[in-house]
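> Make a model of this:
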Amino acid sequence: MSDAALNAIVTGAARGIGKAIALRLAREGMNVVISDIMGEEAEKTAGEVQKLGVRSLALKSDVASGRDAEELVKRTAAELGSVDILVNNAGITRDNLSIRMSESDWDLVLGINLKGTFLCSQFAAKEMMKKRFGRIVNLASVSGILGTAGQANYAASKAGVIALTKSMARELGGRNITVNAVAPGFILTEMTEKLPDSVKEAYIAQIALKRAGTPEEVAEAVLFLASPAARYITGTVLNVSGGLLI
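Take a look at the predicted model:
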């Protein structure tokens, strides 16, 4: 690769972990496309990225839509010149016990978390293959390894992301495209901050470091897997859980 700035897409980047990833990549000098279903918040995040001295676009996208995923990649390539890095961060939860979970909640979570990761990776890989260079980093979860009561849909989607990561790593390695995953544990976000204190304490009690993680700590792991330092790493799942999963 040349010394020109790399171009990254981060899905679900309007806020939370995705926003932290976008800002961290920007601080490293990368141009970042902010993809999110929340258009106005995506625009605000893109503005913060631009203040770091790099280019940024905000594109409203539903990653579970093949049309949106394809347009996201095409717009990025057209306006920035290439798609070098894809971070599949977009994800949702719709928690319930398996026996009570609705079919629509199952389909929604699997559609965004797993199908969305597949679609964005598929279209981005086609662009990356043209330059024989690319870095795909998928956001999995320790739930996809351990399973989580009340989150059968979420855990299944993240287990699927892990299997997808390994399969695409085998398929794309010959084109100098690495595909890896980051598996966060209990991370402080707007979603987890709303949990009852008793639930938070129960999670933290299982963590070796005895604290929750931060979005910025997840972002550092993503940056590593997208960087030259990880050029000989593919098909791996990096556990960022403070020792929740050992």
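> contacts for the least confident helix or strand in the chain by mean pLDDT?
Within the chain, no helix or strand scores below helix 190-193, which has a mean of 81 by mean pLDDT, DSSP states H and E. Outside of helix 190-193, the residues within contact range by C-beta atoms under 8 Å, 6 or more residues apart in numbering are 15, 16, 93, 186, 200, 212. C-beta: built from backbone N, CA, C; applies to glycine.
> List every C-alpha atom in that helix, with coordinates, as PDB.
Listed next in PDB are the C-alpha coordinates belonging to helix 190-193 (Å, rounded to 0.1, in the frame of the first residue of the first chain):
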ATOM      1  CA  GLU A 190     -25.700   3.800  26.800                       C
ATOM      2  CA  MET A 191     -27.400   0.400  26.600                       C
ATOM      3  CA  THR A 192     -25.600  -1.200  29.500                       C
ATOM      4  CA  GLU A 193     -25.700   1.900  31.700                       C
END
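> what's the following helix or strand after that helix?
helix 197-205 (DSSP states H and E).
> Looking at that following helix now, give me its mean pLDDT.
For helix 197-205, mean pLDDT is 89.
> Check stretch 94-103 too.
Average pLDDT, stretch 94-103: 97.
> Touching that stretch from outside, list them.
Outside stretch 94-103, the residues that reach it (C-beta under 8 Å, 6+ apart) are 105, 108, 109, 149, 150, 151, 152, 153, 154.
> switch the cut-off to 6 Å
Residues outside stretch 94-103 that contact it (C-beta atoms under 6 Å, 6 or more residues apart in numbering) are 105, 109, 150, 151, 152.
> I'd like to know how far the third one sits from residue 135.
Residue 150 sits 33 Å away from residue 135, going by C-beta to C-beta, to the nearest Å.
> Tell me which of these two has more neighbours.
Per other C-beta atoms under 10 Å, whichever of residue 150 and residue 135 has more neighbours is residue 135, with 25 against 14.
> Let me see the backbone angles for that one.
The phi and psi values for residue 135, taken as degrees, to the nearest 10, are phi -130, psi 120.
> related to what we said a few turns ago, mind telling me the two of the contacts of helix 190-193 farthest from one another?
Longest distance between any two of the contacts of helix 190-193 is 19.8 Å, between 15 and 200; criterion C-beta to C-beta.
> per-residue pLDDT, the spatially most central residue of the chain?
For the chain, the residue nearest the mean C-alpha position is residue 89 (2.1 Å; C-alpha atoms, centre = their mean). The model reports residue 89 with a pLDDT of 98.
> And for residue 158?
pLDDT recorded at residue 158 is 98.
> can you tell me the helix or strand for it?
Going by DSSP H and E, residue 158 is in helix 152-172.
> Give me the buried positions along that helix.
Across helix 152-172, burial judged by 16 or more other C-beta atoms under 10 Å covers 152-162, 164-166, 168-169, 172.
> from memory residue 140 sits against residue 161, does it?
Yes: using C-beta atoms under 6 Å as the test, residue 140 is close enough to residue 161 to be in contact (4.7 Å).
> Contact partners for residue 61?
35, 68, 72.
> Would you reformat these as TSV and include neighbour count and distance to residue 235?
Formatted as TSV, the contacts of residue 61 follow (neighbours: other C-beta atoms under 10 Å; distance: C-beta to C-beta, whole Å):
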residue	neighbour count	distance to residue 235
35	33	24
68	19	27
72	27	24
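> Which ones among those residues map onto helices?
Of the contacts of residue 61, the ones assigned to helices by DSSP state H are 68, 72.
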